[in-house]
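Asker: Using only what follows, build the 3D model:
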Amino acid sequence: MRAYNDGRYMETEVKLIDNGKGLRWSFVFGEVKTNSLLEINEKGEWTEHHEITVGSAAPRKLMDLRVSRAR
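Answerer: Residues are numbered from 1 along each chain as shown. I've put the predicted structure just below:
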């Protein structure tokens, strides 16, 4: 995957998860590392879980997101 921001870009590998209903990706930029899991859960909702690590600190939650259809 190639992501663009303000004229710059980065490339990273995207991997499908075993059940075929989501993907994982991450990147490292200097002291910053991210890990992301995007998937469709058992309710059919799109979910995202993102973690960030800065330096030698423990990973922290960056963002959690859940999207469902309007009823």
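Asker: quick one, strands of the protein?
Answerer: Assigned by DSSP state E, the chain shows strands spanning 2-5, 8-11, 14-16, 22-29, 32-40, 46-54, 60-67.
Asker: can you tell me the distance between the two ends of stretch 52-65?
Answerer: Length of stretch 52-65, first residue to last, Cα to Cα, to the nearest Å: 15 Å.
Asker: mind listing what's buried in it?
Answerer: Thr53 (16 or more other Cβ atoms under 10 Å). C-betas here are computed from N, CA, C, even on glycine.
Asker: how distant is it from the center of its chain?
Answerer: 11 Å (Cα atoms, centre = their mean, to the nearest Å).
Asker: Same check on stretch 13-23?
Answerer: Distance, centroid of stretch 13-23 to centroid of chain: 11 Å (Cα atoms, centre = their mean).
Asker: shaky segments in this structure?
Answerer: Along the chain, no part satisfies pLDDT under 70.
Asker: Nearest residue to the middle of it?
Answerer: Nearest residue to the geometric centre of the chain (Cα atoms, centre = their mean): Ser36, 2.3 Å.
Asker: That one is in contact with His50, isn't it?
Answerer: Yes - assessed by Cβ atoms under 8 Å, Ser36 is found in contact with His50 at 4.7 Å.
Asker: Can you read off the backbone torsions of Asp6?
Answerer: phi 50, psi 40 (degrees, to the nearest 10).
Asker: again but with Pro59, I slipped
Answerer: The phi/psi pair for Pro59 (degrees, to the nearest 10) is phi -60, psi 140.
Asker: repeat for Glu13
Answerer: The phi/psi pair for Glu13 (degrees, to the nearest 10) reads phi -90, psi 140.
Asker: list the contacts for it?
Answerer: With contact set as Cβ atoms under 8 Å, 6 or more residues apart in numbering, Glu13 has these partners: Met1, Trp25.
Asker: Alright, I will stop here.
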